[in-house]
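S.K.: Structural data only, the sequence is not supplied:
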């Protein structure tokens with residue numbers, strides 16, 4: 001385990017600068033350098049708006065690890081960003097700032113040249129007219145998991161209107177390899193927290209209950225949960241007598257009593273090879289915190305194990321995290337307390353996932 005953590009830390013040497021200031025991404029480090037921002041290493045965790053660009057306040061956010069995780073024009077109130085999980089706000093603030101900066105280095109020029117952002121009304125300079133204390137005129141729409149369409153209006157006149165793809169590499173400013181490294185870093189750091197259990201009106205005259213969920217693309221990708229009642233009351237089924245129900249409850253719900261350990265391989269883009277062990281519920285809760293909905297499909301069954309696909313779908317952000325996981329029969333027989341193994345493929349564009357994706 002220590003070896004794998006060391007590999008992750010070494011791989012992040014290319015993400016973090018050598019100075020006293022730490023940045024969450026390469027893109028943010030470049031922006032800070034181009035703007036010649038000073039004193040960032042003295043900022044405490046939280047959002048700061050004391051820096052300015054052309055008399056317009058900047059929004060700079062520092063995470064609990066002391067890393068600068070956002071730099072952009074201040075276009076949205078902090079309360080809106082805190083109460084609505086979406087990468088669009090950070091993207092608009094960062095991207096519009098970049099388009100105003102006169103001294104872009106070659107890497108930012110290259111990224112901007114590859115990014116498909118269409119201005120339908122106004123231009124980047126129009127962002128400086130936006131009143132951050134009033135977002136009544138802001139509108140955000142999404143089309144078929146392909147495109148975002150946003151606009152700011154004032155007195156029924158559009159000040160600024162843009163469209164851009166639902167592509168998390170675009171929204172985050174990171175390429176696929178950097179996204180994988182950052183995803184694993186967040187997972188290894190993740191600290192679990194209290195959550196609100198789902199509430200149901202359980203039936204009175206039976207000891208079993210199925211919490212019907214949704215399906216994703218095909219009926220075999222489901223997220224229903226199974227409850228049973230005993231002397232202690234209602235709880236998620238974990239009895240070895242109904243193993244397939246235990247499988248669904250274990251992989252989809254934070255309320256499941258067992259605590260499986262996930263041994264995770266993550267080597268699609270990154271040069272970091274090997275395995276990392278984390279509590280499965282850390283992965284589950286981190287994805288739920290992002291606004292994802294989980295779905296489970298069973299691919300194959302052997303006498304010893306179940307091979308499954310767990311999809312974490314995020315329609316607001318237009319991506320899917322895919323976990324291909326093998327669950328040993330013994331883990332299920334021990335009420336979910338044991339090991340499971342999987343491969344993770346994060347941030348797949350949602351419009352790439354079709355029903356053909358699930359065919360053998």
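M.R.: That came through, no problem. Nothing here was measured: the structure is a model prediction, and the numbers come from that model.
S.K.: Which secondary structure element of this structure has the lowest mean pLDDT?
M.R.: The least trusted helix or strand in the chain, going by mean pLDDT, DSSP states H and E, turns out to be helix 2-11, with a mean of 39.
S.K.: next SSE after that helix?
M.R.: Following helix 2-11 in sequence order, the next helix or strand is strand 22-23 (DSSP states H and E).
S.K.: tell me how far that following strand is from the chain's mean position?
M.R.: 19 Å (CA atoms, centre = their mean, to the nearest Å).
S.K.: helices and strands around whatever helix or strand comes next after that strand, which ones?
M.R.: Next along the chain after strand 22-23, taking DSSP H and E as the criterion, comes helix 26-35. Using 3 or more CB pairs under 8 Å, 6 or more residues apart in numbering; DSSP states H and E as the contact criterion, the elements in contact with helix 26-35 are strand 67-73, helix 88-100, helix 106-114. Using the backbone N, CA and C atoms, a C-beta is placed for each residue, glycine as well.
S.K.: Switch the ones you listed over to a markdown table; also include mean pLDDT and distance to residue 189.
M.R.: Listed next are the helices and strands packed on helix 26-35 as a markdown table, based on pLDDT from 0 to 100; distance: least, CB to CB, whole Å:
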| stretch | mean pLDDT | distance to residue 189 |
| --- | --- | --- |
| strand 67-73 | 96 | 11 |
| helix 88-100 | 94 | 19 |
| helix 106-114 | 70 | 26 |
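S.K.: need the strands for the stretch 51-200 of the chain, in chain order.
M.R.: 52-53, 56-62, 67-73, 118-121, 138-143, 147-154, 157-165 (DSSP state E, counting those that start in this stretch).
S.K.: Now for the residue most central in space within the chain: which residues touch it?
M.R.: In the chain, the residue lying closest to the centroid (CA atoms, centre = their mean) is residue 290, at 4.6 Å. By CB atoms under 8 Å, 6 or more residues apart in numbering, the contact list for residue 290 reads 85, 312, 314, 317.
S.K.: Also residue 168?
M.R.: Contacts for residue 168 (CB under 8 Å, 6+ apart) come out as 87, 179, 317-319, 347, 349.
S.K.: One more: residue 321?
M.R.: 287, 292, 311-312, 314, 344-348.
S.K.: can you do 7 Å?
M.R.: Contacts of residue 321 were listed using CB atoms under 7 Å, 6 or more residues apart in numbering, and they are 287, 292, 312, 344, 346-347.
S.K.: Then residue 112?
M.R.: residue 98.
S.K.: what about it, distance to residue 97?
M.R.: With distances taken as CB to CB, to the nearest Å, residue 112 is found 12 Å from residue 97.
S.K.: Ok, residue 151 next?
M.R.: On the measure of CB to CB, residue 151 and residue 97 end up 18 Å apart.
S.K.: between these two, which one's more packed in?
M.R.: A count of neighbours by other CB atoms under 10 Å puts residue 97 above the other of residue 151 and residue 97, at 23 against 18.
S.K.: Just confirm that one contacts residue 75, I think it does.
M.R.: No - assessed by CB atoms under 7 Å, residue 97 is found out of contact with residue 75, at 9.4 Å.
S.K.: picking up where we left off before, top of the contacts of residue 290 by number of neighbours, please.
M.R.: Counting by other CB under 10 Å, top hit in these: residue 317 with 24 neighbours.
S.K.: What is the three-state secondary structure of it?
M.R.: Three-state assignment for residue 317 (DSSP: H, G, I helix; E, B strand; the rest coil): coil.
S.K.: give the contact list for it.
M.R.: By CB under 7 Å, 6+ apart, the contact set of residue 317 is 86-87, 168, 291.
S.K.: okay, among those, which ones form the most distant pair?
M.R.: Largest separation among the contacts of residue 317 by CB to CB: 168 and 291, giving 12.6 Å.
S.K.: now the strands for the stretch 251-360 of the chain?
M.R.: Ranges of strands in the stretch 251-360 of the chain, per DSSP E, counting those that start in this stretch, are 261-265, 275-279, 293-301, 305-314, 319-328, 339-349.
S.K.: wait, which of these is closest to residue 188?
M.R.: Residue 188 sits nearest to strand 275-279 of all the strands of the stretch 251-360 of the chain, at 6.6 Å, using CB to CB.
S.K.: now the stretch 201-350 of the chain, which segments are flagged as low pLDDT?
M.R.: For the stretch 201-350 of the chain, residues meeting the criterion pLDDT under 70 lie at 267-274.
S.K.: What number of residues are in the vicinity of residue 200?
M.R.: 11.
S.K.: Which pLDDT value goes with it?
M.R.: You'll see residue 200 listed with a pLDDT of 85.
S.K.: surely it meets residue 212?
M.R.: No - using CB under 7 Å, residue 200 is not in contact with residue 212; the gap is 10.3 Å.
S.K.: Distance to residue 29 added to the contacts of residue 290, as JSON lines?
M.R.: What follows is the contacts of residue 290, written out as JSON lines (distance: CB to CB, whole Å):
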{"residue": "85", "distance to residue 29": "25"}
{"residue": "312", "distance to residue 29": "28"}
{"residue": "314", "distance to residue 29": "26"}
{"residue": "317", "distance to residue 29": "23"}
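S.K.: where's residue 223 relative to residue 204, distance?
M.R.: Counting by CB to CB, the gap from residue 223 to residue 204 is 25 Å.
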